[in-house]
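# Here's my sequence, what's the structure:
(chains A, B and C)
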Amino acid sequence: MWHVRTGRTTAAAALCVLLATILSGCATPREQLGASVTQSISAVQTARLAITLNEHGASTFAITSTALTDALSQLTDAAHAATELDLSGGRDSSARQATLALIRQSTDAVNAAREAMNERRSLYEARTRLGELAETLTAEARRLGVPG
Amino acid sequence: MKNLSGFALGILTAIGAFVDIGDLVTNAVVGSRFGLGLTWALALGVAGILLFAQMSGRVAAVSGRTIFEIVRERLGPRAGLANLVGSTFINVMSLTAQVGGIALALQLASSVDYLLWVPVAAFGLWIVVWRTKFSVLENVTGLLGLTLIVFAVAVFLLGPDWGSLARQAALPAVPSGEQPATYWYYAIALFGASMTPYEVFFYSSGAIEEKWTVKDLTRSRINVLIGFPLGGLLSLSIAAGAAIVLMPQSIQVTSLSQVVLPVAAAGGKVALAFVIVGIIAAIFGAALETTLSSGYTIAQFFGWSWGKFRRPANAARFHVTMILCLIIGIAVLLTRADPVLITEYSVVFAAVALPLTYLPILIVANDRQYMGEHVNGKATNALGVGYLVIIMVAAVAAIPLMIITGAGA
Amino acid sequence: MTDLPPPPQATGRLLDAQLHLLDRSVVDRNDVPVTTVDALEITDIELDAPIPRGAPAPVITALLSGPVLATRIFGGRPPRSRLERIRWSDVTDIGIVLKLSVDGDSLAVTWVERWMRDKIIARIPGGHHDPE
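Take a look at the predicted model:
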């Protein structure tokens, strides 16, 4: 009796887990790319906001540099997620190339900002560059069908 | 002086309860992605913790016993052990998140990498737990933590569109760009962040530490009625700041540095100074609570001597337990696991563990043998049962939603 | 049930072991907690056999604590030599908590507490001071 009962309970539990895993893996590759792009937009905008506040004397060196470092790790995560996607189509492949290229440019821009901060140089260029990248990323997101 | 201590317990618990690392992160994330659309979940959590903390304080004051002691006596060792295992897991996870939070806040203050601050923070916590009197502990962190009011001040300084904020709160909707599943996942996270179990153990044991009697019941009620809504309002202003500054720029909060940017935008370096002090104090206070709770729950289940009112030599196992918990926290953090991620997981697991922690409180608060005439009234019981239903729903839905949404990604 | 002899005239209180004794906190004569009652030791009766008529009633000889908690929850019983006892004769009062007439330190059950105190707490400065 015990064996039958535990057997059935285990089967039910396994079914639930399977269902959940299937449901969770339901995002299409384009949607997952879209998530990477959204993450990158957030990182780039954070960097831009942090620098802007710093330039206006509204923030500290510690907070700005921490925010830039955090933005960098967000970009790394986004690139990682995009790289590891299982793709199966020419169109998706080129979409991924485009996304990764943009993330790379964003990483360069954030690093340039960090260097400018460390060397106490003007952050104007970095800020402008980040603004451009934010717009390009947003356009890319729309192309990938990210709502909003 | 005892009066001030009594109020301080309420305020510390409130600040610790609401503005610990879990609340800072969860409210900022929610504000940046959903605006004020989850205010109802926050309000539900505030009301819930108000109800249950007041119940557990009453139980301690009337019976002279803490919740954990009574759970074992009345519900038996099996129920007590299940409760203990669940609670300890959550406590240690919370503790790890809080220590990480202190380290992150210290990095924001100093540029020194947070990993170097982790052992410093843990050691600081231990020294306070080892040597400082309970009342001093409350008063100092409670008062310093009040500087977090700068979050509320910041919201005013930002001059937002109040009408639009009010509309977001009153007519919740899932913003385009977010999924309904994620919305409900964060509702549960917010609920778990507001109703974390360690607060209730701390409150119940704190009542014994402070030697509350039936006369102190009214004071307990006032503490809770002032303290917790205060904490809830602070949490709301954290969400509002994120909604006003971060959401329009498509910034999704994933780190502590982003949480303070709205304050910088509102009030510059001065506001930042207050907020950093407040964050460090509030998380430190929460970490103290969590450390003590870890010790309280284990010691009370096994019947060991416990309490800050005893010298460490007379509560050896209690103190050794807390030291071990701190060491586990340090070890986990030194693996470079992201403290913000640990925090986000800890609030969701807290939601899963809520039935284990709150059902015994409801049962015990109705036990005439301990409570005499101070058992729950009909209204309290109705609310308590209602909350238990909500808690069960949240607990059951939490893990599937976590899997489906990829932990809110 | 009807052929049981009437119980002996009881003086004092009637206690239920499950309700009043098990899982209760035990404090020593200075009100310092010692342990919780994890099990009770009673005088020899045969397991799983009815008690023969006229046999003397089993008597509690000791409160038990320690590893016996694990066996109580999960089943089985520890060997006699591993039982940690508090003599029943040391119990002076039974209320919400059980009070003892002796000092906690003199009991065998507190060996873990004393060990931790002497080996760990004593090594850390300030352990013997009241908190300030």
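# Output stretch B:54-63 as CSV, nothing but the C-alphas.
What follows is stretch B:54-63, C-alpha atoms only, in CSV (Å, rounded to 0.1, in the frame of the first residue of the first chain):
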residue,chain,number,x,y,z
GLN,B,54,1.0,42.0,17.9
MET,B,55,-0.3,38.5,18.5
SER,B,56,3.1,37.1,19.3
GLY,B,57,4.0,40.0,21.6
ARG,B,58,0.7,39.5,23.4
VAL,B,59,1.5,35.8,23.8
ALA,B,60,4.9,36.5,25.3
ALA,B,61,3.6,39.2,27.6
VAL,B,62,0.7,37.2,29.0
SER,B,63,2.3,33.8,29.2
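# How about it and chain C, any contact?
Yes: under the criterion of Cβ under 8 Å from any Cβ of the partner chain, chain C is reached by stretch B:54-63 at residue B:63. Heads up, the C-betas are built off the backbone N, CA and C, glycines and all.
# what's the answer for stretch B:293-310, then?
Yes: using Cβ under 8 Å from any Cβ, stretch B:293-310 reaches chain C at B:301, B:302, B:303, B:304, B:305, B:306, B:308, B:309, B:310.
# So how do I select the buried members of the residues you listed in PyMOL?
A single PyMOL command selects the buried members of the residues of stretch B:293-310 next to chain C (16 or more other Cβ atoms under 10 Å in any protein chain shown):
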select buried, chain B and resi 301+302+303+304+305+306+308+309+310
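# just the residues of stretch B:293-310 next to chain C now: which is nearest chain C?
residue B:303 (3.2 Å; Cβ to the nearest Cβ).
# Next, the nearest residue to that closest one once chain neighbours are set aside: phi, psi?
Of all residues not flanking residue B:303 in the chain, residue C:36 sits nearest, at 3.2 Å (Cβ to Cβ, 6 or more residues apart in numbering or on different chains). Main-chain dihedrals, residue C:36, degrees, to the nearest 10: phi -110, psi 150.
# What of residue B:133?
Residue torsions, per degrees, to the nearest 10, at residue B:133 are phi -70, psi 150.
# Which pLDDT does the model give it?
pLDDT recorded at residue B:133 is 82.
# That one: how many residues sit nearby?
15 (other Cβ atoms under 10 Å in any protein chain shown).
# try the one 4 residues further on
Using other Cβ under 10 Å, residue B:137 has 24 neighbouring residues.
# Checking it next. Helix, strand or coil?
Here residue B:137 is helix, with the state taken from DSSP: H, G, I helix; E, B strand; the rest coil.
# Does it touch residue B:291 like I think?
No: taking Cβ atoms under 8 Å as the definition, residue B:137 is not a contact partner of residue B:291, at 10.8 Å.
# and residue A:139, what helix or strand is that in?
helix A:124-143 (DSSP states H and E).
# which residues are common contacts for residue B:137 and residue B:291?
Taking Cβ atoms under 8 Å, 6 or more residues apart in numbering or on different chains as the contact criterion, residue B:137 and residue B:291 have no common neighbours.
# if we can go back for a sec, in helices, which of the residues of stretch B:293-310 next to chain C fall?
Judged by DSSP state H, those include B:301, B:302 as members of helices.
# Counting by contacts, list what the helix holding residue A:139 packs against.
helix A:29-55, helix A:90-118 (3 or more Cβ pairs under 8 Å, 6 or more residues apart in numbering or on different chains; DSSP states H and E).
# returning to that earlier point: could you report the distance from the residue nearest to residue B:303 to residue B:82?
16 Å (Cβ to Cβ, to the nearest Å).
# mind checking pLDDT for the residue in chain C positioned nearest to chain B?
Chain C approaches chain B most closely through residue C:36 (3.2 Å), counting by Cβ to the nearest Cβ. Note on residue C:36: pLDDT of 89.
# now do the one 10 residues further on
Note on residue C:46: pLDDT of 70.
# can you check the one 4 residues further on too?
For residue C:50, the model assigns a pLDDT of 79.
# what's the helix or strand for it?
Short version: residue C:50 belongs to no helix or strand, going by DSSP H and E.
# Quick check: nearest residue in space to residue B:390, chain neighbours excluded?
residue B:44 (7.1 Å).
# Wait, the one you found touches residue B:188, no?
No: in this structure, residue B:44 is not within contact of residue B:188 by Cβ under 8 Å, at 10.7 Å.
# between the two, who's got more neighbours?
For the pair residue B:44 and residue B:188, the greater number of neighbours falls to residue B:188 (25 against 19), based on other Cβ under 10 Å.
# So that one lies in a strand, does it not?
No: going by three-state DSSP, the assignment for residue B:188 is helix, not a strand.
# can you list the weak-confidence ranges in chain C?
Within chain C, the stretches with pLDDT under 70 are C:1, C:10, C:47, C:132.
# Let's see that with 50 instead.
Within chain C, no range satisfies pLDDT under 50.
# In it, which residue sits closest to chain A?
residue C:75 (14.9 Å).
# now, which of the residues of stretch B:293-310 next to chain C sits nearest residue C:94?
residue B:303 (15.3 Å; Cβ to Cβ).
# all helices for the stretch 201-350 of chain B, in order.
B:217-241, B:256-302, B:316-333, B:339-364 (DSSP state H, counting those that start in this stretch).
# got these as JSON lines, with distance to chain A columns?
Output for those, formatted as JSON lines (distance: least, Cβ to the nearest Cβ, whole Å):
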{"stretch": "helix B:217-241", "distance to chain A": "13"}
{"stretch": "helix B:256-302", "distance to chain A": "4"}
{"stretch": "helix B:316-333", "distance to chain A": "16"}
{"stretch": "helix B:339-364", "distance to chain A": "9"}
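# tell me the most buried of those?
helix B:256-302 (a mean of 26; mean count of other Cβ atoms under 10 Å in any protein chain shown).
# Tell me how far the residue nearest to residue B:303 lies from residue B:80.
From residue C:36 to residue B:80 the distance is 9 Å (Cβ to Cβ).
# Mind listing the shared neighbours of those two?
In contact with both residue C:36 and residue B:80: B:72, B:301, C:23, using Cβ under 8 Å, 6+ apart.
# Of all the helices and strands packed on helix A:124-143, which one is nearest chain B?
helix A:29-55 (4.4 Å).
# re the thing from before, and residue A:70, which of the helices of the stretch 201-350 of chain B is closest to it?
helix B:256-302 (5.2 Å).
# Which of residue C:36 and residue B:82 has more residues huddled nearby?
For residue C:36 versus residue B:82, neighbours defined as other Cβ under 10 Å are more numerous around residue C:36 (25 against 15).
# The more buried one and residue C:25 touch, don't they?
Yes: with contact defined as Cβ under 8 Å, residue C:36 counts as touching residue C:25 (5.5 Å).
# Now list whatever residues contact both of the two.
With Cβ under 8 Å, 6+ apart as the test, residue C:36 and residue C:25 both reach residue B:303.
# Looking at the nearest residue to residue A:124 once chain neighbours are set aside now. What's its pLDDT?
The shortest distance from residue A:124 to any residue other than its chain neighbours is 7.9 Å, reached at residue A:55 (Cβ to Cβ, 6+ apart). Note on residue A:55: pLDDT of 92.
# Nearest residue to the most centrally placed residue in chain A in space, please, no chain neighbours.
Centroid-nearest residue in chain A: residue A:39, 2.7 Å away (criterion: Cα atoms, centre = their mean). Closest residue in space to residue A:39, ignoring its immediate chain neighbours: residue A:78 at 4.1 Å, by Cβ to Cβ, 6+ apart.
# tell me which strands and helices the strand or helix carrying residue B:166 is in contact with?
Using DSSP H and E, residue B:166 sits in helix B:162-170. Using 3+ Cβ pairs under 8 Å, 6+ apart, the elements in contact with helix B:162-170 are helix B:39-63.
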